[in-house]
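K.L.:
quick one, structure for this:
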Amino acid sequence: MDSKLKRIYVPMTETGFYILFCLQKPQHGYGIGLQVKKMTDGEVSISAGTMYGTLSKMEKDGLIAFFAEKEKRKLYQITPLGREILDLEIQRIKRLYRNSMEEI
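P.N.:
Sure, this is the predicted structure:
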């Protein structure tokens, strides 16, 4: 993995994490937004500008790829590189959680 990409994406923003997490199955931007709202009980809402800007950047960086077009919407899916980045971020979050449970 390119160390520059690792520095850019880890740690990941909350919206970036949810977008990449949702793309473990093919999905379009609107669907991701609905899924994130459901997953977070409405606490996280991703604006269209953030959604499509992040999708564009992640596609350019090779973390996601165009999958298909359905009803005039572009579906994206995570790539092996994106999976590697997502796994690093999940490990980081687990470490934070584990450390937060320890007594000081």
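K.L.:
now the strands for this protein?
P.N.:
With DSSP state E applied, the chain shows strands at 64-70, 73-78, listed in chain order.
K.L.:
what about the ones you listed, which gets the closest to Gly49?
P.N.:
Between Gly49 and these, the shortest separation by Cβ to Cβ is 16.3 Å, and it involves strand 73-78. All C-beta atoms are positioned from the backbone trio N, CA, C, and that covers glycine.
K.L.:
from what I can see Pro11 touches Glu89, true?
P.N.:
Yes - contact criterion Cβ atoms under 8 Å: Pro11 and Glu89 qualify, at 7.0 Å.
K.L.:
so which of the two has more stuff around it?
P.N.:
Glu89 (18 against 13; other Cβ atoms under 10 Å).
K.L.:
pLDDT value on the more buried one, please?
P.N.:
Each residue has a pLDDT score; the one for Glu89 is 96.
K.L.:
can you tell me the closest non-neighbouring residue to it?
P.N.:
Ranked by Cβ to Cβ, 6 or more residues apart in numbering and with sequence neighbours excluded, the top spatial neighbour of Glu89 is Met12, at 4.7 Å.
K.L.:
with Leu63 instead?
P.N.:
Gly82 (3.5 Å).
K.L.:
next one: the one you found from Leu23, what distance?
P.N.:
When Cβ to Cβ, to the nearest Å is applied, the distance between Gly82 and Leu23 equals 7 Å.
K.L.:
just for this structure, where's the confidence low?
P.N.:
Within the chain, the segments meeting pLDDT under 70 span 104.
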